[in-house]
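Asks: Need a 3D model of the sequence below.
(one chain, ligands or ions: 2)
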Amino acid sequence: MKGGPGFRRVPAKTDLKNAMALTLDLTKPESRAQLRPQMAVDKKSLIGLSRDAMAQALAALGVPERQTRMRVRQLWHWLYVRGVSDFAQMFNISKELRATLDAHFTIARPEIVEEQISQDGTRKWLMRFPPRGAGRPVDVETVYIPEEGRGTLCISSQVGCTLTCTFCHTGTQKLVRNLTPGEILEQLLVARDRLGDFPDADTPDGAIVPAEGRKITNIVMMGMGEPLYNFDNVKEALLIASDGDGLSLSKRRITLSTSGVVPEIYRTGEEIGVMLAISLHAVRDELRDVLVPINKKYPLKELLDACRAYPSLSNARRITFEYVMLKGVNDSLDDARALVRLLRGIPAKINLIPFNPWPGSDYECSDWEQIEEFADLVNKAGYASPIRTPRGRDILAACGQLKSASERMKKTDRLKLEAMMIAGHGE
Ligand code: SAH
Ligand code: SF4
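Replies: Numbering: from 1, shown residues only. Ligands and ions are numbered 1, 2, ... in the order given. Prediction:
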């Protein structure tokens, strides 16, 4: 797909200056992330620490106790309102303290290995995070989807996945590791850098990009990985993303999608308080056991009971049920009727996702008329059931196509996929 129409690519960075030249004409404002030296691997990141953890870190550096709350407030503002990634820019913090902080901590962004922009405006970034412990660096994909009146960032929670949903490309990759709260948040920070969602460094103190003017208005935990198998880190990150004195994303604009890790569903509502999406995909246990194998552990009845008990569930706060349309597998009108019966009594939205093919996948996307008939039936039963338009297919950014570079697709596979998409397969 290299050189294909509609997207531009920043090549893997071998030389910082070179990569800068190639990157700077991609987006405005110019990337601050690309101008920075790479993150030192031996320093812990301040990003992703709770206020308490940050206060403890400051105390350990010798900051007097009476100052820690104020310092935490200042740091929080610089990191999450102003989006700075260099201690030197924090001008209301003394030079001495900045130097101490810099000696012990980092606030640098991960390296952007690749940025692709689709014909439809979707962007995909491949970010490289430094090794942890004896591990290797890991590559993580994050996708931005601009739509009329809103922009959604699709964030990854793990590198790879322990689950093996048979229609999902990430599911073919073993779990490499969980992402830390900092790494989950940094995906949002990098995207805001690249999209100009932070004020420029030289704007007056306190200036912020107002919420209604932002490019990223929503986030979905629908990238690589199963967020509820990385509960604590995802929780920490989402609480920071929704903190009103920082990134300030409303919890109603944050959606966590799970394949159905039943024991953590209640906690998601209780402890994080974000919107819930369930990857349902089948209405009978025998089929769901195959498509979403975690169903063998937590079958449909348990899953739906957990949904009914989701905290603050109401017509204003519905659960989204995702349903991937697989030709001849789960797309009959009988399935649609069974779906309506199954969800009876649960305030729900149904999101029909045309299957996004990837080379080697065993499924085909349902025919368009079939998807529409299915949607019609579900709509008539009173459920909103938008058909999710595939976005960013030309850069493999569509749902379920993310896979880390450590298991990058072979070139022949990419060509095969491109041919499939040109032939209209799956449309
Ligand atoms: N692990 C979580 C979140 C990541 S997947 C989960 O499974 O919910 C995000 C959504 O993309 C899920 O609904 C998933 O089932 C769907 N998906 C995966 N592969 C897909 C594909 N090839 N085509 C369309 N949707 C897919
Ligand atoms: Fe993992 Fe979700 Fe893909 Fe299933 S659909 S393999 S849970 S990422």
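Asks: C-alpha only now, for contacts and for neighbours.
Replies: Will do.
Asks: which residues of the stretch 101-250 of the chain fall in helices?
Replies: For the stretch 101-250 of the chain, the helices defined by DSSP state H, counting those that start in this stretch cover 181-195, 231-241.
Asks: so how far is ligand 1 from D86?
Replies: 32 Å (C-alpha to the nearest ligand atom, to the nearest Å).
Asks: Can you get me a residue count around that residue?
Replies: 16 (other C-alpha atoms under 10 Å).
Asks: Ok, E147 next?
Replies: Using other C-alpha under 10 Å: E147 sits among 12 other residues.
Asks: residue contacts, it?
Replies: Listed by C-alpha atoms under 8 Å, 6 or more residues apart in numbering, E147 has no contact partners.
Asks: Could you say which helix or strand holds the spatially closest residue to M275 that is not a sequence neighbour?
Replies: Closest residue to M275 apart from its sequence neighbours, by C-alpha to C-alpha, 6 or more residues apart in numbering: T255 at 4.5 Å. Assigned by DSSP states H and E, T255 belongs to strand 254-258.
Asks: follow-up on the earlier one: in a markdown table, list the helices of the stretch 101-250 of the chain along with mean neighbour count.
Replies: A markdown table is the format used below for the helices of the stretch 101-250 of the chain (neighbours: other C-alpha atoms under 10 Å):
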| stretch | mean neighbour count |
| --- | --- |
| helix 181-195 | 23 |
| helix 231-241 | 22 |
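Asks: CSV for those, including mean pLDDT and distance to V274?
Replies: As requested, those are exported to CSV (pLDDT from 0 to 100; distance: least, C-alpha to C-alpha, whole Å):
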stretch, mean pLDDT, distance to V274
helix 181-195, 97, 16
helix 231-241, 98, 8
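Asks: How about the strand holding T255 and ligand 2, touching?
Replies: No. Using C-alpha under 6 Å from any ligand atom, strand 254-258 never reaches ligand 2; the gap is at least 6.7 Å.
Asks: hmm, that strand touching ligand 1?
Replies: Yes. Counting by C-alpha under 6 Å from any ligand atom, ligand 1 has neighbours in strand 254-258: S257, T258.
Asks: thinking again about what came up before, to ligand 1, which of the helices of the stretch 101-250 of the chain lies closest?
Replies: helix 231-241 (12.2 Å; C-alpha to the nearest ligand atom).
Asks: angle of that closest one against strand 254-258?
Replies: Put simply, helix 231-241 runs at 170 degrees to strand 254-258, going by axes from the mean of the first three to the mean of the last three C-alpha atoms, to 10 degrees.
Asks: please renumber so the chain begins at 59
Replies: In the new count, where the first residue is 59, that last one comes out as helix 289-299.
Asks: packing partners for helix 289-299?
Replies: Packed against helix 289-299 by the contact rule (3 or more C-alpha pairs under 8 Å, 6 or more residues apart in numbering; DSSP states H and E) you find helix 239-253.
Asks: okay, the angle between the helix it packs on and helix 289-299?
Replies: For helix 239-253 against helix 289-299, the angle between stretch directions is 40 degrees (the same axes, to 10 degrees).
Asks: can I get the helices of the stretch 159-308 of the chain in JSON lines with distance to T220?
Replies: Listed next are these as JSON lines, based on distance: least, C-alpha to C-alpha, whole Å:
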{"stretch": "helix 239-253", "distance to T220": "18"}
{"stretch": "helix 289-299", "distance to T220": "14"}
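Asks: Redo those helices as JSON lines? Include distance to ligand 2.
Replies: Output for these, formatted as JSON lines (distance: least, C-alpha to the nearest ligand atom, whole Å):
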{"stretch": "helix 239-253", "distance to ligand 2": "15"}
{"stretch": "helix 289-299", "distance to ligand 2": "14"}
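Asks: I figured A295 hits P239, correct?
Replies: Yes. Counting by C-alpha atoms under 8 Å, A295 touches P239, with 4.7 Å between them.
Asks: Of all the helices of the stretch 159-308 of the chain, which one is nearest S214?
Replies: Set against S214 and scored by C-alpha to C-alpha, these come closest in helix 239-253, at 6.9 Å.
Asks: touching ligand 1 at all, that closest one?
Replies: No. Contact of helix 239-253 with ligand 1 is not found when judged by C-alpha under 6 Å from any ligand atom; the minimum separation is 13.7 Å.
Asks: and that helix, what other elements does it pack with?
Replies: helix 289-299.
Asks: From the chain's centroid, how far away is the helix it packs on?
Replies: The chain centroid and the centroid of helix 289-299 are separated by 12 Å, computed with C-alpha atoms, centre = their mean, to the nearest Å.
Asks: How about the residues of the stretch 159-308 of the chain by ligand 1?
Replies: Applying C-alpha under 6 Å from any ligand atom, one finds that the stretch 159-308 of the chain approaches ligand 1 through F225, C226, H227, M280, G281, M282, G283, E284.
Asks: Make TSV from these and add neighbour count and pLDDT to it.
Replies: Output for those, formatted as TSV (neighbours: other C-alpha atoms under 10 Å; pLDDT from 0 to 100):
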residue	neighbour count	pLDDT
F225	24	95
C226	23	93
H227	23	89
M280	23	95
G281	28	93
M282	29	93
G283	30	95
E284	27	97
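Asks: any chance of the residues you listed in JSON lines, with distance to A117 too?
Replies: Converted to JSON lines, these look like this (distance: C-alpha to C-alpha, whole Å):
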{"residue": "F225", "distance to A117": "49"}
{"residue": "C226", "distance to A117": "46"}
{"residue": "H227", "distance to A117": "45"}
{"residue": "M280", "distance to A117": "37"}
{"residue": "G281", "distance to A117": "36"}
{"residue": "M282", "distance to A117": "36"}
{"residue": "G283", "distance to A117": "35"}
{"residue": "E284", "distance to A117": "35"}
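Asks: restrict those to those near ligand 2?
Replies: C226, M282, G283, E284.
Asks: give me the residue from this structure nearest ligand 2.
Replies: Counting by C-alpha to the nearest ligand atom, the chain gets nearest ligand 2 through G229, at 3.4 Å.
Asks: What is the burial count for that residue?
Replies: 23.
Asks: Can you show me the strands along the stretch 59-208 of the chain?
Replies: Applying DSSP state E, counting those that start in this stretch to the stretch 59-208 of the chain gives strands spanning 102-103, 163-164, 169-175, 181-187, 196-205, 208-212.
Asks: Which stretch among the ones you listed approaches Q428 most closely?
Replies: With C-alpha to C-alpha as the criterion, Q428 lies closest to strand 196-205 of the strands of the stretch 59-208 of the chain, at 25.2 Å.
Asks: Report the helix or strand with the lowest average pLDDT across the protein.
Replies: Ranked by mean pLDDT, DSSP states H and E, the helix or strand of the chain with the weakest confidence is helix 74-82, at a mean of 28.
Asks: where's the nearest residue to R346 once chain neighbours are set aside, which helix or strand?
Replies: Leaving aside its chain neighbours, R346 sits nearest to A340 (5.1 Å; criterion: C-alpha to C-alpha, 6+ apart). Using DSSP H and E, A340 sits within no helix or strand.
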